[in-house]
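Participant: Dropping a prediction and its sequence here:
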Amino acid sequence: MLNHKYLLLLVVLLCASFTLADVKELEPVLIKHINQQNLDGAGQYNHEIEVNNGVRASAKGNVNSVQGEYFLPGEEGPIRVTYTADATGFHPHIN
């Protein structure tokens, strides 16, 4: 028959293994990553990233301005933020 100490240890180990399995399912995984750069002096670039947890982002621009958008998971669906950034600052718009 198992000693109470060993039984308690077995229960703790089983709970920990289920917890670790649940956490692994929630780990974000990179689905898409694009990073294109034009090194011609104008600094043109295009960047996209997507993660399996609903986070997505894209941006394109040059050394003077950037246009982009990103999506974050929300309780009622994805939250979309579009933005521009230039010499006057960062200008987001939440949709």
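Facilitator: Perfect, I can see it now.

Participant: When you work out contacts or count neighbours from here on, use the C-alpha atoms and nothing else.
Facilitator: OK.

Participant: which ones are touching the residue most central in space within the chain?
Facilitator: Centroid check for the chain by CA atoms, centre = their mean gives Val55 as the closest residue, at 4.5 Å. Residues in contact with Val55 (CA atoms under 8 Å, 6 or more residues apart in numbering) are Tyr70, Phe71, Leu72, Pro73.

Participant: Sort out for me which of those residues are in helices.
Facilitator: With helices taken from DSSP state H, there is no overlap with those.

Participant: In the protein, where is pLDDT below threshold?
Facilitator: 1-26 (pLDDT under 70).

Participant: ok, which stretches of it are helices?
Facilitator: 4-26.

Participant: What subset of the contacts of Val55 is buried?
Facilitator: Tyr70, Phe71 (16 or more other CA atoms under 10 Å).

Participant: Which strand residues bridge His91?
Facilitator: Beta-bridge pairing of His91 under DSSP bridges involves Thr84.
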